[in-house]
Every structure is written in structure tokens, then in C-alpha cells.
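Trainee: With the input below, show me the fold.
(one chain, ligands or ions: 1)
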Amino acid sequence: MTTLIEPEEHTYLREAVADFTRNYVRPPGADSRHFWQAAAKLGYIGVNLPEEYGGGGGGIAELSIVLEEMGAAGNPLLMMIVSPAICGTVISRFGTEAQKQDWLPALADGTRMMAFGITEPDAGSNSHRITTTARRDGDDWLLTGRKVFISGVDICDATLVVGRTETVPTEEGRTGRLKPCLFIVPRDTPGFERRAIDMELDADETQFELTLDDVRLPADALVGGGSSHASGSGGEDAGLLQLFAGLNPERIMTAAFGIGMGRYALSRALDYARERTVWKTPIGAHQAIAHPLAQAHIDLELARLMMQKAAHLYDAGDDIGAGEAANMAKYAAGEACVKAVDQAVHTLGGNGLTREFGLASLITASRVARIAPVSREMILNYVSHQTLGLPKSY
Ligand SMILES: Cc1cc2nc3c(=O)[nH]c(=O)nc-3n(C[C@H](O)[C@H](O)[C@H](O)COP(=O)(O)OP(=O)(O)OC[C@H]3O[C@@H](n4cnc5c(N)ncnc54)[C@H](O)[C@@H]3O)c2cc1C
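Mentor: Here you go, the predicted model:
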């Protein structure tokens, strides 16, 4: 049963992560990975990964707390949505023993990171249309295709690339069911090229367009292994299951990203509204300022409740129930984040747009929570069709 009251150990985890993030000072010359590694040393990055592979043995509930609190303290790690949440989950649940040994301890202790690539230029939100194709060449695989907006490829040791096997005819594949397969592609594999996309985002992570031109991969690059006698949890036919296993954590973690950022913006606005006085009282006494901030707080709290429900269902093994809740949590958090940031910037008046106060750049950053990894409209479509049973327009 979903408990609406957070267990004590979650409250402690929140406080510890918030303290750690607020007190972190990046040493001169260190890059953004330093914070990642410092957090990993404390067990935060791999908190959801299995204990026998060096993780914390927790779930997405704990991982989402870590990301939310980092964001609320002003230092969100976008790659947590990808490396431990998607890639760590998929490998823990479906990887071969060798893949688990190879990756999980390193993902947990922060020595290695993994990116995730599904989005394609010609498919966009319609991932059934992806055309990145894997074909057999002896024991090897040859992977060819294009990806876009893939985060952190330069700082990750490998990218988990979603492709499809050639056994699905192209025409049928374009309009038919998605039959994916997931490959671990090391960053420097020949034929795996990346080009940074010039985004209007003030963030440590870069997005990339990827070109895969007959990228040769060994059989064991396929998650779950390539043997035809796959046990049902691995191999070429298991890709859909693997993919969905990774997508629920991705949505829950994006909700955490949005809630954290919204809380950060709101707290900055509250500090300002309590102090700034241009008439007789601080501006926060005017209801035109106070009420939208109160609404932003309520929306963030509501989004967090749904995120906790989604994480609880997911960690309890209810993938189907978690699917609906994770989508709704992502939707609610994306909207709450955008509104909180908008109101926070407005509360600061002209200072809302100065670099010194640092809130304006959140206007674009907050939109990430609305568009990725699945847009607001695609979630409304999902709820219309799956939950409400309405017909499809596409
Ligand atoms: C900062 C950032 C980081 C990202 N990182 C990654 C990553 O690491 N890995 C990865 O694989 N991807 C990543 N993405 C990609 C992201 O998941 C996609 O941008 C997203 O899925 C939307 O796809 P699209 O951009 O092609 O938009 P499109 O699919 O072209 O959609 C454009 C607009 O049309 C709307 N629309 C589309 N179809 C419908 C419909 N049927 N009904 C109503 N409206 C519709 C959408 O809601 C949207 O508003 C990232 C994106 C961003 C911005």
C-alpha cells in the first residue's frame, strides 16, 4: 500500500543530500564530474543499484529523492535520469552476468557513466518509427542510424543505444510495432560519431547528434546477450520489455528533476519577496505576488505525491501501474516546474532577468521537464487513450 507519510530514512536521506549539495565547493580546475563522483562516493548516485554490485540496494524512490534534493539546493544532475536510472536499471534487470559485473559497480561508484539514446531526427515522439538498425555479421553486430538530443555522450564511457533488428522489414517496421534491441556502445567505437548541438541551455551537460555508420559491436554488446536461446529476460526479442523497464524510472526521475528545480526557483523568489520593499510592506505581502507563489508550492507538492506513488509502484514491481503514475507525475512535475520558474522570475522584477540572480536561465531549463523524455502532449495522449479509453487521432 502506498504510504503517504515518508519513512524516516527518506527524510534523513533528503536532509543529507541537501546538506551535501549546499556545502559542496567545486575545487579549482575540476569539471562537473567532480560533484558526480563526490556524490557517488557517498552512495547517492548508485542508491538504486543492487547491493551485490556495489549499489545501495534501494529503489527509484531513493534515487528520486537524491535528484530532487540536489535540484532544490541548486545543483541538479541531469545525467542521474540516464546513467543510474535508465541504464543501471536496464542492466540490473536484464543484463548478462558479465554486463552486470562490468558496469554496475562502476556506475555505482561514479567511475563510469552511461548515456541513453532513443530519440531520432525523423521519429521524434513517435519512437515506433526509429530506424537505427542492427544486423548480424558473423558473431558481431553492425549498427547504423542517427540519434539526436542525446545528453552527455562526451562525458559517458558508453551510450545505451536503442535500435531494432533487421528481421523486421523496413516498411512494416516503420508503421508497425516497435521491436527494439538495446546495445552498449563504447564512446570511442569506430563509426560512432557525435556532434554537439548548440542548445540555449545553461547546463553542464551537452546534447549531441549521433551518427552510427556500420558500428561494429561484439555479440555481448547486446543487452541480455545475443544467444537465440534467450531465457526470456535477454536477447533480441526481449528489447521491448527492457526498454519499458528503463522508461518508467526515466519519467519518475524527470519528475524529480522538475520538482527540485521548481523548489529551488520558489525558494529564491520567497527570499526576495520577504525582503524587497517598494511600498510600505515587502512585496510578498501583496497577494498578487503571494498567491501565485502559494499555488506554485501546492502544485509542486501535488506533483511530488504522484511521483512518490509512481516510485512506490515501480519499486514494488508493478510496471503497469507505475507506467500510468510515472507519466502523470512527469506531466504534473513538468507543469509545476515551468509555472514555479515563471513566477519566480517575475517576482524578482528586473532582477529576474539578470545573470547575477541566476534565475533567467531556468526559464529554458525548466522547459526540458515539459518536453523530455516524453512531451506534455504525448502524456495527455497516453492518459486519453490508456486511462480514459478515448479513440486515437493518429
Ligand atoms: C535537454 C534535452 C535533453 C535530452 N536528452 C535526451 C537523451 O539523453 N536521450 C534521448 O534519447 N533523447 C533526449 N532528448 C530528446 C527528447 O526526449 C525529445 O526532444 C522529446 O521526446 C520530443 O521529441 P522531439 O523533440 O522530436 O519533438 P516532436 O516529436 O517533433 O514534437 C514536437 C511537438 O509536437 C507535439 N506532438 C508530437 N506528436 C503529437 C501528437 N500525436 N499529439 C499532440 N502533439 C504532438 C509534441 O508534444 C511537441 O510539442 C532530450 C531533449 C532535450 C530538450
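Trainee: which stretches of the stretch 251-394 of the chain form helices?
Mentor: For the stretch 251-394 of the chain, the helices defined by DSSP state H, counting those that start in this stretch cover 287-315, 319-347, 361-371, 376-382.
Trainee: Go through the second one and flag the buried ones.
Mentor: Read it as helix 319-347. Under the neighbour-count criterion of 16 or more other CB atoms under 10 Å, helix 319-347 has 321-345, 347 buried. Bear in mind the C-beta positions are built from the backbone N, C-alpha and C, glycine included.
Trainee: Please name every helix or strand in contact with that helix.
Mentor: Judged by 3 or more CB pairs under 8 Å, 6 or more residues apart in numbering; DSSP states H and E, helix 319-347 is in contact with helix 239-275, helix 287-315, helix 361-371, helix 376-382.
Trainee: What pLDDT is listed against the closest residue to Gln386 other than its chain neighbours?
Mentor: Spatial nearest neighbour of Gln386, chain neighbours left out: Glu324 (6.7 Å); criterion: CB to CB, 6 or more residues apart in numbering. Looking at Glu324, its pLDDT stands at 95.
Trainee: Quick check: Glu324 touching Leu388?
Mentor: No. In this structure Glu324 lies outside contact range of Leu388 using CB atoms under 8 Å: 11.0 Å.
Trainee: how many neighbours does the residue lying closest to Phe357 once chain neighbours are set aside have?
Mentor: Distances taken as CB to CB, 6+ apart place Asn351 nearest to Phe357, at 4.8 Å, with adjacent residues excluded. By other CB atoms under 10 Å, the residues close to Asn351 number 14.
Trainee: neighbours of the residue of the stretch 101-250 of the chain found nearest the ligand, just the number please.
Mentor: The nearest approach of the stretch 101-250 of the chain to the ligand comes at Gly124, 2.7 Å away (CB to the nearest ligand atom). Close neighbours of Gly124, defined as other CB under 10 Å, add up to 14.
Trainee: Could you number the chain from 514 rather than 1 from now on?
Mentor: All set: I'll call the first residue 514, so the last point we hit is now Gly637.
Trainee: Look at it and give its secondary structure.
Mentor: Assigned by DSSP: H, G, I helix; E, B strand; the rest coil, the conformation of Gly637 is coil.
Trainee: Can you list phi and psi of it for me?
Mentor: Main-chain torsions, Gly637, degrees, to the nearest 10: phi 50, psi -130.
Trainee: where's Trp654, which helix or strand?
Mentor: With secondary structure defined by DSSP states H and E, Trp654 is part of strand 653-664.
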